[in-house]
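> have a look; sequence and predicted model below, questions after that.
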Amino acid sequence: MPLQLPDNKSFAYYISAVDDHGLDGATLAAGQTDAVTSSDPNIVLTPDASPLPAPDGTTSCASGKGTTANPVTNRGPITITSHIANADGTPGTNPAGAPIPDASDTVTIVAGLANTQGVLFGVPA
């Protein structure tokens with residue numbers, strides 16, 4: 001679900017794997033890892049040393065914290081991508097041998113609380 005994030009806030013992320021029955025909380029195969037990346041360096045993602053469960057208790061295959069770098073200049077959607085890889089770096093595969101597709105969502109940086117006033121007048125015509 002897309003997230004609107006004030007430019008002075010952080011957010012926790014939890015990535016869960018889904019099994020062939022559609023149930024969240026599946027485990028990755030031996031040697032597989034999940035890397036979470038941002039398309040913009042203004043969103044800094046710091047993974048937890050070991051994945052933490054989501055607030056609802058669902059097992060995660062990746063978790064961590066996202067923060068904004070200052071100054072944030074991109075006001076458009078920033079893509080956050082989760083990529084599962086095998087130990088040898090190839091794309092992660094499911095039990096049938098098919099590649100597990102990347103999952104992505106967006107973060108949009110929005111203005112936080114007022115700190116000062118903006119410009120009141122435009123450029124004279």
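Perfect, I can see it now.
> do you know how far residue 44 is from residue 110?
Here the criterion is C-beta to C-beta, to the nearest Å. By it, residue 44 lies 17 Å from residue 110. In this view, the C-beta of every residue, glycine as well, is placed from N, C-alpha and C.
> what distance do you get for the residue most central in space within the chain to residue 46?
When C-alpha atoms, centre = their mean is applied to the chain, the residue found nearest the centroid is residue 80 (4.2 Å). Remark: distance between residue 80 and residue 46 (C-beta to C-beta) = 13 Å.
> one more: residue 110?
21 Å.
> ok, now residue 22?
With C-beta to C-beta as the criterion, residue 22 and residue 46 are 30 Å apart.
> which of these two has more neighbours?
Using other C-beta atoms under 10 Å, the more surrounded residue of residue 22 and residue 46 is residue 46, with 11 against 7.
> mutual contacts of residue 80 and residue 46, please.
Taking C-beta atoms under 8 Å, 6 or more residues apart in numbering as the contact rule, residue 80 and residue 46 both touch residue 66.
> one step back: which strand residues bridge the residue nearest to the centre of the chain?
residue 38, residue 105 (DSSP bridges).
> next one, pLDDT for it please.
At residue 80, the predicted lDDT confidence score is 91.
> next one: residue 107
You'll see residue 107 listed with a pLDDT of 81.
> the helix or strand encompassing it - contacts with which helices or strands?
Using DSSP states H and E, residue 107 sits in strand 103-110. Secondary-structure packing of strand 103-110 (3 or more C-beta pairs under 8 Å, 6 or more residues apart in numbering; DSSP states H and E): strand 3-6, strand 77-85.
> out of the ones you listed, deepest packed?
Across the helices and strands packed on strand 103-110, averaging neighbours per residue (mean count of other C-beta atoms under 10 Å) puts strand 77-85 on top, at a mean of 18.
> so what does it touch, helix or strand wise?
Using 3+ C-beta pairs under 8 Å, 6+ apart as the test, strand 77-85 ends up in contact with strand 33-38, strand 43-47, strand 103-110.
> hmm, who's touching that strand?
So strand 77-85 is contacted by 2, 13, 15, 17, 28, 32-40, 42-43, 45, 61-62, 66, 91-92, 100, 102-109 (C-beta under 8 Å, 6+ apart).
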